[in-house]
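Asks: Please find the sequence and the predicted model below.
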Amino acid sequence: MKRLGLILSCLVLAASLRAGNVPANPLELTRTISHGDMETFLRQVARPGLITVTEEGRSHGGRAIYLVHLNRGGAKAHFRVLFYAQQHGNEVSGKDAQLCLIKAIADRPELLPEDVDLYLMPMMNPDGAEAVRRTNGVQADLNRDHILLVQPETQALHRVARRILPHLAVDSHEFTRDGKDWDARGWDCWPLITMDGLNAPWIPEALKEQALVRVEGARRVMEEAGYPYTRYTVGGLPPLEEIRPSTTEMDDGRNSIGCMGALSFIIECGVRRGPDAPGDLGVRADAYTRLYRYLLGDPASRARIEALSEAARKAPLPPFTATNFFWANLDGQVRTVKVVDRATRRVLEIPTPSLMTDLVVKASVATPSAYVVDASSAAPFRALLDRHGFTYRVCAGPETFKAERCRLLRVEESYDDLYGRYEHRQIVARDAAADREFPAGSLVVPLSQPLGRCVLGVLEPCLLYGLYSYKEFSALARPDGTLPVWRLP
Ligand SMILES: [Zn+2]
């Protein structure tokens, strides 16, 4: 019995050592790292002056959301980077890659350039990770919560992003390469990994252009590593179903952090989930690690990103704000999309006119100088503005402004087949500006504030997608459709 006890305690010790034993080389990963194993690892790897671990919030299920800060250069580290992962609990490889990166830097600190101030949030959705599902503990999709910010996980991410103000940010996901529709054609999706940049229309062009330069530049890096890579797109199958870059809305991590002035990306790594799926976690995490390192770049590329990001933060808002826009193929050009023929494993190039990568603007408004929220709806709006860290003032007495009223005509619930647009479009009419007295307690939210681009994305009533896509805010419209947010020209 004594001997059995000894063997058991040896096994327990071996298991706990393994738990903390994250490999520096992602190719050595055999299984994904759980929240519990991550906690053990982070406790072991923390080291004063190099790796600091802080708890930034708790999930609905009470699990800690961690921020890992890696810094070798102290005050010399001026290039601020935020990599975050696993907002969708069943999309794991970005998190595993980040933990391997931490281990690699712990083993060889010289891997971290002295000018890089690196922040990692490897597991944004620990409840979803534990349950192996996309959503969080209350079945919310975290990457559709960046306007409302009601989930503790997204709130933690935004608090960190506002505190750090990263120059470079990356959100990390996974997509399925062998879904049902692909099955039916006998194809697998070709890329192992994909990436795209921020794209909300009111983000400065220079930042969006630079993002696309990096997205294209990664082709060479991934080709050298032997990993199929292309720009991240969503949609159907070639040749005739629409394929386009993903959402332009501010409701996801990439665009919401991008509106804060970061050169912001989403990486999506492909997983085959069918019965003959390879156990390729190590390969996926390796592809991730290579893209992270590529984006960290060299001193010259970091200096360029830092300058662009700082300039974006100072840049005035555009005079006009696009409110209605969609992806199109401007001249009907035929391009090719790669797929893998499942039977032969051959790569096929399918010609298609349905690759839509041109953003077409159908309607715009003049960018206002501020918004006024009517006092009758001040409570839910103050909560919203506070969650975002926006600056506003509360009117002490009645105040008169020349303001534009907006009216919610309807919310279109279904997918738009004609223009390929998502559900919940808010159709809003705008009246000419006129003097109106707002009661005490109304809120004035100026656009000239550090987070002005975020304010625009959250509050602009004329956007096709916005607050009134959500019932708790569309319910605040008066019977005649009048919305609580008024525009000040
Ligand atoms: Zn995802």
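Replies: Received the coordinates, thanks. Residues are numbered from 1 along each chain as shown.
Asks: quick one: contacts of stretch 208-219?
Replies: 195-199, 229-231, 263-265, 291, 294-295, 304-305, 308 (Cβ atoms under 8 Å, 6 or more residues apart in numbering). Backbone N, C-alpha and C define where each C-beta goes, glycine included.
Asks: From those residues, list just the buried residues.
Replies: Neighbour counting over these (16 or more other Cβ atoms under 10 Å) leaves 195-199, 229-231, 263-265, 291, 294-295, 305, 308 as the buried ones.
Asks: quick check, nearest of those to Ala64?
Replies: Looking at those and their distance to Ala64, the nearest is Ser264, at 24.9 Å (Cβ to Cβ).
Asks: tell me, how many neighbours does the residue in the stretch 351-489 of the chain that the ion sits nearest to end up with?
Replies: At 15.3 Å from the ion, Tyr422 is the closest residue in the stretch 351-489 of the chain, using Cβ to the ion. The local packing of Tyr422 (other Cβ atoms under 10 Å) involves 16 other residues.
Asks: now the helices for the chain?
Replies: 2-19, 35-45, 93-107, 126-131, 152-164, 180-185, 205-225, 253-258, 281-296, 299-314, 378-388, 452-459, 471-474 (DSSP state H).
Asks: Go through the ones you listed and pick out the most buried.
Replies: helix 253-258 (a mean of 29; mean count of other Cβ atoms under 10 Å).
Asks: Any stretches of the chain with poor pLDDT?
Replies: In the predicted model, the chain carries pLDDT under 70 at residues 1-20.
Asks: follow-up on the earlier one: any chance of the helices of the chain in JSON lines, plus distance to Arg407?
Replies: Below are those laid out as JSON lines (distance: least, Cβ to Cβ, whole Å):
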{"stretch": "helix 2-19", "distance to Arg407": "57"}
{"stretch": "helix 35-45", "distance to Arg407": "46"}
{"stretch": "helix 93-107", "distance to Arg407": "42"}
{"stretch": "helix 126-131", "distance to Arg407": "38"}
{"stretch": "helix 152-164", "distance to Arg407": "30"}
{"stretch": "helix 180-185", "distance to Arg407": "40"}
{"stretch": "helix 205-225", "distance to Arg407": "32"}
{"stretch": "helix 253-258", "distance to Arg407": "26"}
{"stretch": "helix 281-296", "distance to Arg407": "44"}
{"stretch": "helix 299-314", "distance to Arg407": "33"}
{"stretch": "helix 378-388", "distance to Arg407": "18"}
{"stretch": "helix 452-459", "distance to Arg407": "16"}
{"stretch": "helix 471-474", "distance to Arg407": "12"}
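Asks: Mind putting these into CSV with distance to the ion?
Replies: As requested, the helices of the chain are exported to CSV (distance: least, Cβ to the ion, whole Å):
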stretch, distance to the ion
helix 2-19, 26
helix 35-45, 18
helix 93-107, 9
helix 126-131, 10
helix 152-164, 13
helix 180-185, 18
helix 205-225, 18
helix 253-258, 10
helix 281-296, 13
helix 299-314, 24
helix 378-388, 22
helix 452-459, 20
helix 471-474, 24
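Asks: between the ones you listed, which one is nearest to Leu240?
Replies: Of the helices of the chain, nearest to Leu240 by Cβ to Cβ is helix 180-185, at 12.0 Å.
Asks: List the contacts of the residue nearest the centre of the chain.
Replies: Nearest residue to the geometric centre of the chain (Cα atoms, centre = their mean): Gly253, 2.3 Å. Counting by Cβ under 8 Å, 6+ apart, Gly253 touches Tyr84, Gln87, Asn143, His146, Leu157, Ala169, Asp171, Ser264, Ile266.
Asks: Closest to Leu456 out of those residues?
Replies: His146 (13.9 Å).
Asks: show me what contacts the closest one?
Replies: Here His146 is in contact with Thr154, His158, Met250, Asp251, Asp252, Gly253, Asn255, Ser256 (criterion: Cβ under 8 Å, 6+ apart).
Asks: Contact partners for the first one?
Replies: To tie it back to what came earlier, the one meant is Thr154. Gln87, Met124, Leu142, Asp145, His146.
Asks: and if we set it to 6 Å?
Replies: Applying Cβ atoms under 6 Å, 6 or more residues apart in numbering to Thr154 gives the contacts Leu142, Asp145.
Asks: Most proximal residue of the stretch 201-350 of the chain with respect to the ion?
Replies: Glu268 (7.0 Å).
Asks: What residues are bridge-paired with that residue?
Replies: His173, Thr194 (DSSP bridges).
Asks: quick one, domains of the protein?
Replies: 2-317, 322-360, 368-488 (automatic domain parsing).
Asks: distance of Ala200 from Met250?
Replies: 6 Å (Cβ to Cβ, to the nearest Å).
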